[in-house]
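the following comprises the amino acid sequence and a computationally predicted model.
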Amino acid sequence: MVESETTSKQDFSADDDRETDLESAYLRILSQQIVSEQGHSIKYRTCSWQKTAALLFSEYICLAILSVPWSFSILGMVPGILVTLSVAVTVQYTSLVLWKFCMKHPEALNICDIGRILGGDSQMIYNFTAVMFIMNNVFIMGLHCLVGAKLLNTLSDDALCTISFSAISAGVCFFCSLPRTLKQMSWLGIFSAATMGISVVLSMIFAAVQDVPRGFSGEPPLVTTLPAKGTTYVLGMSAFLNITYTLIGQITLPSFIAEMKEPKDFPKALWACTICEVILFTLCGGIMYHYIGSQYMIAPAYGSLQPLFKKIAFSFAIPTITYLGALYASLSARFIFFRIFEHSHHRYSNTITGWSVWASIIACLWIVAFIIAELIPFFSDLLSLMSSLFGKY
């Protein structure tokens, strides 16, 4: 018995020593990163947890929320709510696991570094992860080119210049992508999340108060508890993927954590965002589906509102359409930029070379995003494709 107690105490002592060693290594690497930025005009480890929360809100409280009512119309009310809640719980759990991993490996500055660590320091896995990371982000940028064009068409009542409107959206997003730190982007994120929240709330109110949904044919809105008879597997999976992709965002979390002053505070930002998004997603999907019905539902759900209501609600989404695409462009550009200037003063300084390369990278990314938007010009199809390609959680 005495020997067993002694062994147990030694095990606890060994665990404590390991935790102390990990914490010491974490603090050492974190302090090295902060010290390396001192004396430079551009510093990256500057985000508080509140600013990180703003980045998370701007990422999750986005236009894709308005695709959730369409998913509910395919899955039915009960499965729609259950899928939303179950995916949100899974995403929250995996996000916390990812945060704990980043705490043990503060040298991991993005998802690609994590891929390399998990792959036994394999450069091939790092490169594969990098390609998928950039493709995911560029597809999201393409989605925002597409939605920006839809917005301009809606507000101008001119459906003749969709390609031109997509190009205009890409150009505006390009200029919003130019800030080089996430701290600078977070201020825009607060405004973006607030206006998008207003847009979603207005959409729910307008769906309830309008006399009939847009395109009303005389048949009362059809609302089902379960999927309607005849719903195909492909259609049901597309609806599931729409919800899934809207809630998934872990690919960006290491990049956010890497720019926090105190990464240990990240769960505060994560919980605040998750609670709000679950409430907003469930209410938006359920309320708009209840008043619009399956036969009049369009993704995004703005299309099911009467023209005046649609214009009012859609106009509040302008900051989100612009900002969120810019955020993903910034994350992609930052990864490429850091690879080019890994050990160069251009990384931390306001030099002509640094800013020229930064602007060129962003311009190339938005050109590719514009091409994607023109090749796949349908909102729900592009959202489902992105989820099936990149939405692994």
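Everything's here; your move.

tell me how far the most centrally placed residue in the chain lies from residue 215.
In the chain, the centroid-proximal residue (CA atoms, centre = their mean) is residue 59; its distance is 3.9 Å. Look at residue 59 and residue 215: by CB to CB, to the nearest Å, they are 32 Å apart. Where C-beta positions appear, they are placed from N, C-alpha and C, glycine not excepted.

what's the answer for residue 327, then?
34 Å.

more neighbours: those two, which one.
residue 327 (29 against 12; other CB atoms under 10 Å).

doesn't residue 251 lie inside a helix?
Yes - using DSSP: H, G, I helix; E, B strand; the rest coil, the assignment for residue 251 is a helix.

so what's residue 273 up against?
For residue 273, the contacting residues are 53, 56, 57, 60, by CB atoms under 8 Å, 6 or more residues apart in numbering.

closest to residue 293 out of these?
The shortest gap between residue 293 and any of these belongs to residue 60, at 26.8 Å (CB to CB).

what helix or strand does the spatially closest residue to the closest one that is not a sequence neighbour sit in?
What sits nearest to residue 60 in space, not counting adjacent residues and going by CB to CB, 6 or more residues apart in numbering, is residue 277, at 4.7 Å. Per DSSP states H and E: residue 277 is located in helix 266-292.

tell me the first helix or strand C-terminal of that helix.
Per DSSP H and E, the first helix or strand lying C-terminal to helix 266-292 is helix 307-315.

which strands or helices does the helix or strand following that next one pack on?
Note on helix 307-315: by DSSP H and E, the next helix or strand toward the C-terminus is helix 318-340. Applying 3 or more CB pairs under 8 Å, 6 or more residues apart in numbering; DSSP states H and E, one finds that helix 318-340 contacts helix 49-60, helix 123-156, helix 162-176, helix 182-209, helix 253-257, helix 352-375.

again, 6 Å this time
Under the contact definition 3 or more CB pairs under 6 Å, 6 or more residues apart in numbering; DSSP states H and E, helix 318-340 sits against helix 123-156, helix 162-176, helix 182-209, helix 352-375.

residues touching residue 309, list them.
Applying CB atoms under 6 Å, 6 or more residues apart in numbering, one finds that residue 309 lies in contact with 206, 210.

what does the model give it for pLDDT?
Here, the pLDDT recorded for residue 309 equals 90.

how far off helix 182-209 does the helix holding residue 277 point, in degrees?
Angle of helix 266-292 versus helix 182-209, following axes from the mean of the first three to the mean of the last three CA atoms, to 10 degrees, is 20 degrees.

can you pull the buried residues of helix 266-292?
Within helix 266-292, the residues that count as buried by 16 or more other CB atoms under 10 Å are 266, 269-270, 272-274, 276-278, 280-282, 284-292.

equivalent analysis for stretch 176-191, please.
Within stretch 176-191, judged by 16+ other CB under 10 Å, the buried ones are 176, 177, 180, 181, 182, 183, 185, 186, 188, 189, 190.

next: stretch 306-324.
Quick answer for stretch 306-324 (16+ other CB under 10 Å): 306, 309-310, 313-314, 316-324.
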